[in-house]
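Enquirer: Make a model of this:
(one chain, ligands or ions: 1)
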Amino acid sequence: MVIIYYKQVTSTMDIAHDYASKNFPHGTIILADIQTEGRGRLRRKWISPEGGLWFSIILYPSIYLKKKIDCLGILISVAVYKALDIFLKEKDILNFKWPNDLELNKKKVAGILLESIYENNEIKYIIAGVGINLFVEQSYFQKYDIDATSLKDLVLVEDKLIILKEIRNQILSHIADYPDNWDYVFQFYKSRFPYIGSNAVNRLNGKEVKIVDIDDNGSIILEEENKIKKYPWGGISLEIKRITY
Ligand code: ATP
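Expert: Residues are numbered from 1 along each chain as shown. The predicted structure is shown next:
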């Protein structure tokens with residue numbers, strides 16, 4: 001297993017792209033204690049202070065999975081969930097927020113970012129970034145006015161590397177087992193997605209929407225201005241109106 005460790009980087013995504021362009025193998029991990037320019041989707045800032053688990057993993061998925069990026073996002077989300085569950089004091093307490101977040105008490109504790117590099121119209125490799133507020137102090141989120149939380153008081157082990165290795169194994173086995181595992185993985189994800197029927201705002205166009213369903217390709221189905229619309233992974237950002245629960 002290759003884990004390349006840095007004390008501080010701009011973003012583990014950037015470093016992982018460098019290594020992938022030098023053909024580092026499937027499963028290579030770039031890990032950092034601090035990211036100064038951690039990013040989320042649409043280049044939004046991902047706060048990455050000391051105490052978090054911030055890493056990127058180089059992936060060369062099968063041709064089959066390359067055409068199903070939404071499914072890849074869900075496979076990785078479920079893999080991260082399952083690995084974390086092993087190390088938390090209380091079991092099965094997290095939920096998913098489509099497409100790329102894990103939440104605790106409906107506050108974000110982890111995010112997943114996928115970046116694909118194309119060559120001759122085909123995906124050459126994918127970098128998956130994973131950010132987990134493992135031991136981050138809650139005060140950081142207040143300081144940056146982010147509605148997020150930390151797993152700090154719930155984690156059973158102190159060694160981040162033990163958790164990282166489990167997450168890596170889960171990610172690689174979830175990817176390797178696709179598509180045979182898909183029905184199970186999809187059901188696992190959907191049964192821990194508490195927002196079906198909720199109202200939200202589509203941040204791309206500011207419109208009010210209702211979350212209708214997630215289809216079994218991992219796309220979200222919304223009701224927007226009395227029309228049913230489907231958006232793929234990364235195609236939309238939703239601000240869920242949590243007051244409706
Ligand atoms: P959202 O969760 O806001 O609907 P998103 O899932 O697309 O959107 P990302 O792009 O994945 O969000 O992540 C960036 C956003 O996450 C930031 O705009 C900020 O609100 C929030 N954020 C930044 N750092 C952290 C962190 N360490 N933990 C949790 N949330 C964070």
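Enquirer: how does this protein divide into domains?
Expert: When the chain is parsed with automatic domain parsing, its domains come out as 3-191, 199-244.
Enquirer: The longest one: end-to-end distance?
Expert: Read that as domain 3-191. Criterion CA to CA, to the nearest Å; first-to-last residue distance in domain 3-191 is 33 Å.
Enquirer: wait, does that domain make contact with the ligand?
Expert: Yes: Domain 3-191 reaches the ligand (CB under 6 Å from any ligand atom) through 40-42, 44-47, 100-101, 108, 111, 131, 133, 146, 148. C-beta: built from backbone N, CA, C; applies to glycine.
Enquirer: Over to the last one?
Expert: Yes: contact check for domain 199-244 against the ligand, using CB under 6 Å from any ligand atom: residues in range are 237-239.
Enquirer: Where strands are concerned, which of the residues of domain 3-191 next to the ligand count?
Expert: Among the residues of domain 3-191 next to the ligand, the residues falling in strands (DSSP state E) are 101, 108, 111, 131.
Enquirer: which residue ranges form the helices in the protein?
Expert: 12-21, 63-66, 69-87, 139-143, 160-176, 182-191 (DSSP state H).
Enquirer: Isn't residue 94 up against residue 83?
Expert: No: judged on CB atoms under 8 Å, residue 94 makes no contact with residue 83 at a distance of 11.2 Å.
Enquirer: looking at the helices of the chain, which is buried most?
Expert: Most buried of the helices of the chain, by mean neighbour count (mean count of other CB atoms under 10 Å): helix 69-87, with a mean of 22.
Enquirer: could you give the angle of that one to helix 160-176?
Expert: 140 degrees (axes from the mean of the first three to the mean of the last three CA atoms, to 10 degrees).
Enquirer: could you give the mean pLDDT of helix 69-87?
Expert: Averaging pLDDT along helix 69-87 gives 96.
Enquirer: just checking, what packs against that helix?
Expert: If you count contacts as 3 or more CB pairs under 8 Å, 6 or more residues apart in numbering; DSSP states H and E, helix 69-87 packs onto helix 63-66, strand 94-97, strand 101-104, strand 107-119, strand 122-132, helix 160-176, helix 182-191.
Enquirer: Would you mind pulling the contact partners of the last one?
Expert: Outside helix 182-191, the residues that touch it by CB atoms under 8 Å, 6 or more residues apart in numbering are 71, 74-75, 77-78, 81, 96, 174, 178, 214, 216, 218.
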